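# structure for this input, please:
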Amino acid sequence: MKHLFLLLTLTSLTTFAALPPYYQSAREINAILNCQTVAQKLGAGSQIKSIQHVEKDDSYIVRSGLCEVVVQVRYQPVHIPGPAKFVLETSDVKCLVD
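From the prediction side, this is the model:
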């Protein structure tokens, strides 16, 4: 019984480790804005027009003029309460032709 209680307690900690959604998404967007790979793919001289969250796959579409990049958020395991840890993966840039 003692082991079951400990297991449930540890499981609860990993389940509730993330920040509230507003603050977690702010961390994700900030990471995207500071991501050198995104800047290189869209062009450092271009201006960001929009960042759109796609809920079904935890990704963001970053648009800059006629080009866009999809940034996938990959969550890492968290074993203590606090912000969720993640890494960003970027797609190839897609540009519309004028």
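# and residue 71, how far is that from residue 52?
10 Å (Cβ to Cβ, to the nearest Å). All C-beta spots, glycine's among them, are computed from the backbone N, C-alpha and C.
# more neighbours: which of the two?
residue 71 (23 against 11; other Cβ atoms under 10 Å).
# show me where the protein has its helices.
Using DSSP state H, the helices of the chain run over residues 2-15, 21-33, 36-42.
# now for the protein, the helix or strand with the poorest mean pLDDT.
When the helices and strands of the chain are compared on mean pLDDT, DSSP states H and E, helix 2-15 comes out lowest with a mean of 44.
# bridging residues for the nearest residue to residue 60 once chain neighbours are set aside?
Among residues not flanking residue 60 along the chain, residue 71 sits closest, at 4.8 Å (Cβ to Cβ, 6 or more residues apart in numbering). Beta-bridge partners recorded for residue 71 (DSSP bridges): residue 60, residue 90.
# look up how far residue 30 lies from residue 71.
When residue 71 is compared with residue 30 (using Cβ to Cβ), they lie 12 Å apart.
# now swap in residue 66 and tell me
25 Å.
# just residue 72 next, same as before
16 Å.
# more neighbours: which of the two?
Remark: of residue 72 and residue 30, residue 72 carries more neighbours, 15 against 10, as counted by other Cβ under 10 Å.
# who touches residue 46 in this structure?
64, 65, 67 (Cβ atoms under 8 Å, 6 or more residues apart in numbering).
# list the contacts of the first one.
This points to residue 64. So, once contact is read as Cβ under 8 Å, 6+ apart, residue 64 ends up touching 42, 43, 46, 47, 48, 49.
# if we use 10 Å, what do you get?
Residues near residue 64 by Cβ atoms under 10 Å, 6 or more residues apart in numbering: 38-39, 41-43, 45-51, 93, 95.
# do the second one as well
With contacts defined as Cβ under 10 Å, 6+ apart, residue 65 is in contact with 42, 43, 46, 47, 48, 49, 95, 96.
# compare those and tell me which is most surrounded.
For the contacts of residue 65, neighbours tallied by other Cβ under 10 Å; top is residue 42, 22 neighbours.
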